[in-house]
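Novice: Sequence first, then the predicted structure:
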Amino acid sequence: MLSTPWSRSLGLRAPVVNAPMGGVAGGWLAAAVTEAGGLGMVGMGSDGTREALRSQLQYVRGKFGIGLVDWVMRSQPGLLEDALAAGPTLLSVSFGTDWSWVDQAHDAGIVAVTQVYDGMGARRAVDAGVDVVVARGSEGGGHGEVRLGTLPLLDAVLDAVSVPVLAGGGIASPRSLAAVLAAGASGAWVGTRLAACPEALTGEASRRALIDARATDTAVTRVFDVAKGLPWPARFPARVLANDFVARWAGHEDALGPAARDELAAAIAGDDRRVAPVDAGEGVGMIRDDASVADVIAEMCTGAEALLSGWGA
């Protein structure tokens, strides 16, 4: 079975961790990823609350991780404490610069993880005590800095630090999984491909949009965050499926007002993906069906193992 020293150290059968995508990576997805041999993560995104975390944790089984957004965690008193008390294997906190949560994770015997976007950021995280870093390339879906593609970033981070490095961004196939493992990653941080699985919290219209999309159908934008009034730092835009709302408002974010906010809220409630956002990375073109988590991970790992074995021969 495909493995790395890091995945074996955690008792995983596959070096795959699902990205803790807010509104997508719930307890059912986490349980399915762990059952398939990887490590399932429950994600609390922009709308994360203590109640939402409790609701999703009831479905987890076996090993699991929790992913938090730094500024959300700090606006929701008790969210970090609840996450620690749940006893996850990993706690991922990203999009912030205050590292006080790292010692709290360690005190609870939990591995601390964060996303990074260059070698310097990786060194800062490790100096703060972070145990595992995620090199999240610009191809990735959802929020993140758009600085380096996954492979150049992985090179830079592996040169900069000696802790395990997970690669995220555009990993949606056996080839891309094999590529990052061959380059030295300890595992893959997989988001978009798993968002189309039936175990994800993804709505049916969003799932269909992911299946139908081409690799060139994504856009990097802040229009949805601005329209919703979410305090995402400007350096963390989101990669989403391009749609009518993005085309209309990109470059005109300062003009977004109550009418646009109401239109967006109605579209989200009505699952109208011409207006509502669907987070998606550039690996979206590899999604051709709504296969189960078990089938997706088995296909990726079996194919990657065959490729890596062939190169070795």
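Specialist: That came through fine.
Novice: Distance from the chain centre to the longest helix anywhere in the chain, please.
Specialist: Longest helix of the chain, by residue count under DSSP state H: helix 293-312. Averaging C-alpha positions (C-alpha atoms, centre = their mean, to the nearest Å) puts helix 293-312 21 Å from its chain's average.
Novice: What of stretch 15-25?
Specialist: Here stretch 15-25 is found 5 Å from its chain centre; the criterion is C-alpha atoms, centre = their mean.
Novice: What of stretch 224-232?
Specialist: Distance of stretch 224-232 from the chain centroid (C-alpha atoms, centre = their mean) equals 19 Å.
Novice: just to revisit the earlier point, for the longest helix of the chain, enumerate the helices and strands it packs against.
Specialist: Contact here means 3 or more C-beta pairs under 8 Å, 6 or more residues apart in numbering; DSSP states H and E; on that basis helix 293-312 packs against strand 16-18, helix 27-35, helix 174-182, helix 192-195. All C-beta spots, glycine's among them, are computed from the backbone N, C-alpha and C.
Novice: Check what contacts the first one and list those residues.
Specialist: The contact list for strand 16-18 (C-beta atoms under 8 Å, 6 or more residues apart in numbering) reads 25, 29-30, 33, 36-41, 65, 90, 166, 177, 187-191, 194, 297, 300-301.
Novice: Which residue ranges of the stretch 1-150 of the chain form helices?
Specialist: With DSSP state H, counting those that start in this stretch as the criterion, the stretch 1-150 of the chain has helices at 5-9, 27-35, 50-57, 70-75, 79-85, 100-107, 119-127, 150-160.
Novice: would you put the C-alpha positions of stretch 137-157 in PDB?
Specialist: Only the C-alpha atoms of stretch 137-157 are listed here, as PDB (Å, rounded to 0.1, in the frame of the first residue of the first chain):
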ATOM      1  CA  GLY A 137       0.100  26.200  -4.000                       C
ATOM      2  CA  SER A 138      -1.800  28.800  -5.900                       C
ATOM      3  CA  GLU A 139      -3.700  26.100  -7.800                       C
ATOM      4  CA  GLY A 140      -5.700  25.300  -4.700                       C
ATOM      5  CA  GLY A 141      -9.400  26.000  -4.200                       C
ATOM      6  CA  GLY A 142     -10.700  28.300  -1.600                       C
ATOM      7  CA  HIS A 143      -8.700  30.900   0.300                       C
ATOM      8  CA  GLY A 144      -5.000  31.300   0.200                       C
ATOM      9  CA  GLU A 145      -2.100  33.400  -1.000                       C
ATOM     10  CA  VAL A 146      -1.600  33.300  -4.700                       C
ATOM     11  CA  ARG A 147       2.200  33.300  -4.800                       C
ATOM     12  CA  LEU A 148       3.700  30.100  -6.100                       C
ATOM     13  CA  GLY A 149       2.500  27.000  -7.900                       C
ATOM     14  CA  THR A 150       2.400  23.800  -5.900                       C
ATOM     15  CA  LEU A 151       5.600  22.200  -7.200                       C
ATOM     16  CA  PRO A 152       7.900  25.300  -7.000                       C
ATOM     17  CA  LEU A 153       6.400  26.000  -3.500                       C
ATOM     18  CA  LEU A 154       7.000  22.400  -2.400                       C
ATOM     19  CA  ASP A 155      10.600  22.700  -3.500                       C
ATOM     20  CA  ALA A 156      11.100  25.900  -1.500                       C
ATOM     21  CA  VAL A 157       9.400  24.600   1.600                       C
END
